[in-house]
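In: Dropping the sequence and predicted coords here.
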Amino acid sequence: MKCEGEKVYDQPGNCPVCHMHLVPVDDHSKHDVHSHLKHVVRSNAVYTCPMHPQVKKDKPGSCPICGMDLVPEKPTDTSEEEIAYHKMARKFWIALALSIPVFIIAMSELIPLLHLEAFFSKKVWNWIEFVLATPVVFYSGWEFFKRGWNSIIRWSPNMWTLISIGVGAAYLFSVFGLLVPGTFPAQFKDMQGNVHSYFEAAAVILTLVLLGQVLELKSHSKTNSAIKALLNLVPPVARILRDGKEEEIPLDQVKVGDILRVKPGEKIPVDGIIKDGNAIIDESMITGEPMPVDKFTGDKVTGGTINGTTVFNMAAEKVGNNTLLARIIEMVNEASRSRAPIQKTADVVAKYFVQIIIGVSLITFGVWAIWGPQPAYVYAFVNAISVLIIACPCALGLATPMSIMVGTGRGAQSGILVKDASAIEEMNKVDTLIIDKTGTITEGKPSLKGFLSFGNLSDDEILRLAASIDNNSEHPLAEAIVKGAKEKNIELTKLENFESVTGKGVQADYQGKKIGLGNQRLVEDFKASLDSGHKKRVEEWQMTGQTVMFLMVENKVEGIIGVTDKIKETSAKAIQTLQKLGVKVIMLTGDNEITAKAVAGELHLDGFQADCLPDDKYKKVKELQDQGHVVAMAGDGINDAPALAQANIGIAMGTGTDIAMQSAEITLVKGDLNGIVRAKDLSHSVMRNIRQNLFFAFVYNILGVPIAAGLLYPAFGTLLSPMIAAAAMSFSSVSVIANALRLRNK
């Protein structure tokens, strides 16, 4: 729980602040993600608290702040949560086996057919209760007393403060009553002079608390199910091609540049590029999109995704911790251990709440001791313990971290990577979204849009000549034209004397004539001109966001080619959905005014700004923030990094640059605007779930504490047994966890 900042320990044990079990964290410098997340490396393990991620230990134990069991910071195949669960379950079953006879003995007077005093005297049965209850206290429940004592000496009151004081008082009272009954007033004794014992209360309360802990540990392992599902995507081996032969090697031996073979139905081992063959890849486990994706030679593939029915060879490009899957797992881990701002409020409330409850318990004892019916001190003692037990704030402490952990894991399965918990809370408040055009609204790569003849040549002839001359160019626009011609099965022509004219276009010789393809400045170099009709057609194309290039033969413009960066199919619907959610969508782009205006008009954006430099985007974000807006910025390039860092929430497209992802709080794996809609919906669901959890926690305490104090006794004669209080306390924690787990189905 980061009680002591980033401090770690070299042995398992408990957090000295909150006394929760320490959990292991692996040394990234020695183990890549495939080894340190797939295998337990206990020498480098770090344990942390699910509620206070600043607490880090190198051995199991309890959190020094809240006393919860520490859990592994990284989930493993041999789950530390499972180990802690089985250890706690063993203690629970022993406690249950001993507590049942203690409970039966104590309740024998209320069971008509059970006359235990016919066998032994009340004093003997008290000794039997003592013998049975003592192992429950000193073996099964001793860890709780250590946590409680630790919270007292550090003056960080938490749930274990209340439990240890309440149960400890009941047990010690009973022991002294058994050993030195003469020191007690008459009202504490029965007709035979035996002091009434509360061994059954101590044993049953500890057993119920153990039950709650067992259920919490079991449920806690489920909150990591999303991460474990991601871990299971990693295949243990890869097929490498060496000297024309295929062999299997462990995944952690794969190096950048290795040629790997992937067979039908297999998981892709690492990130890379297809070198030979085609494939249909199921990427749903990474992107959240259900439709398989066609991949061809030269396309990138992602480790952990599943190959379809073909065989292909790939070159390893990113391995170990550098793969997308490794980064996803790392980000989910970090986010699930981080703290949302609302958690700080809950922590402050819990801290003072415990102190208030101790005060209420003392007041309860005093009121019953002075004005209660006889035996007044007995009533006072029992009700004071009930107040301490039922008011345990464990549910209050669990309310936020459980929702954050489940929510971030669920987000990762949908292609939404959250850097920290505060981003989830802040995303729910966003009212303005700034988006880049290229690569965010659009696909980020140019494609052929149109081609038109102005003279004697046919339209196809215009495209053939344009693609033929561009076939020698490395410009992205040239690549789009050549690709468009090939898709239309147009054969290219061999040209001579190719020349690239910087800032203008390209030119070459064709059948003894000079031809050129480029912008208006190249038109002027060719001493060509356009009539008014042709100029109007060019302007119409430009108004739709196309980049228009002119094809010249000698001194005449024979036709035009239109290239555009296509708007993603998902952009329009996503923007409409965001606007319905009350989010204003503004586009900032480095593109020209005409193209920007065309895109903004087509998508009905709330505003746009063209010809933006990186500094302009940064200033716009700051300007909107100064006006009181909560701003999210979505981008994918290096030029977006300053604005991403300045925005309340930076959203990076996973298809973009690494620096953009490092500057952002949220990364969208697939890289389209639908991911922002999902992120907004996720943040809303998580925050609603947290508020529900806090409501559950407070309702239990608001209703339970007055009843435990005896508020209903004057009117209804109703009192709350400490055992019932313990059951209610455990149920409140379980209800909070169960509610958080509902996010897995979101």
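Out: Great, that's in hand. Numbering: from 1, shown residues only.
In: Quick check: next helix or strand after the helix or strand of the chain with the lowest mean pLDDT?
Out: Of all regular secondary-structure elements in the chain, judged by mean pLDDT, DSSP states H and E, the least confident is helix 33-36 with a mean of 41. Using DSSP states H and E, the helix or strand that directly follows helix 33-36 along the chain is strand 47-48.
In: From the contact counts, what lies against that following strand?
Out: Helices and strands in packing contact with strand 47-48 are listed as strand 56-57, strand 71-72; criterion 3 or more C-beta pairs under 8 Å, 6 or more residues apart in numbering; DSSP states H and E. Quick note: C-beta positions are derived from backbone N, CA and C, even for glycine.
In: Please identify the most buried of those.
Out: When the helices and strands packed on strand 47-48 are scored by mean count of other C-beta atoms under 10 Å, the highest mean neighbour count falls to strand 56-57 (a mean of 31).
In: what's that strand packed up against?
Out: Under the contact criterion of 3+ C-beta pairs under 8 Å, 6+ apart, strand 56-57 touches strand 47-48.
In: from the middle of its chain, how far away would the strand it packs on be?
Out: A distance of 17 Å separates the C-alpha centroid of strand 47-48 from that of its chain, computed with C-alpha atoms, centre = their mean, to the nearest Å.
In: Show me which strand runs longest in the protein.
Out: Counting by DSSP state E, the longest strand found in the chain is strand 556-564.
In: Can you give me the buried ones in that one?
Out: Under the neighbour-count criterion of 16 or more other C-beta atoms under 10 Å, strand 556-564 has 557-564 buried.
In: Strand partners (parallel or antiparallel) of it?
Out: Each strand paired with strand 556-564, and its direction, by DSSP bridges: strand 447-453 (antiparallel), strand 547-553 (antiparallel).
In: I'd like the next helix or strand past that strand.
Out: Downstream of strand 556-564, the next assigned helix or strand under DSSP H and E is helix 571-580.
In: Please enumerate the strands of the stretch 451-600 of the chain.
Out: Counting by DSSP state E, counting those that start in this stretch, the stretch 451-600 of the chain forms strands over residues 496-501, 505-510, 513-518, 547-553, 556-564, 584-588, given from the N-terminal end onward.
In: go on, the stretch 301-450 of the chain?
Out: Listed in chain order, the strands of the stretch 301-450 of the chain (DSSP E, counting those that start in this stretch) span residues 306-307, 312-318, 416-418, 432-435, 447-453.
In: and those strands, which is most packed in?
Out: Each of the strands of the stretch 301-450 of the chain was given a mean neighbour count from mean count of other C-beta under 10 Å, and the largest, a mean of 29, is that of strand 416-418.
In: Tell me where the stretch 101-250 of the chain is predicted with low confidence.
Out: Scanning the stretch 101-250 of the chain for pLDDT under 70 picks out 109-114, 158-159, 162, 183-189, 212, 215-232.
In: averaged over its residues, what pLDDT does the longest strand of the chain have?
Out: Strand 556-564 carries an average pLDDT of 91.
In: returning to that earlier point: how about JSON lines for the strands of the stretch 451-600 of the chain, with distance to K122 added?
Out: Formatted as JSON lines, the entries for those read as follows, by distance: least, C-beta to C-beta, whole Å:
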{"stretch": "strand 496-501", "distance to K122": "105"}
{"stretch": "strand 505-510", "distance to K122": "106"}
{"stretch": "strand 513-518", "distance to K122": "106"}
{"stretch": "strand 547-553", "distance to K122": "97"}
{"stretch": "strand 556-564", "distance to K122": "93"}
{"stretch": "strand 584-588", "distance to K122": "76"}
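In: Just tell me which of the ones you listed ends up closest to E117.
Out: For the strands of the stretch 451-600 of the chain, the distance to E117 is smallest for strand 584-588, at 78.5 Å, taking C-beta to C-beta.
In: Report all helices and strands that the closest one contacts.
Out: With contacts taken as 3+ C-beta pairs under 8 Å, 6+ apart, strand 584-588 sits against strand 432-435, helix 571-580, helix 593-603, strand 607-609, helix 614-626.
In: Note down every partner strand of that strand and its orientation.
Out: Sheet pairing here is set by DSSP bridges, and for strand 584-588 it gives strand 432-435 (parallel), strand 607-609 (parallel).
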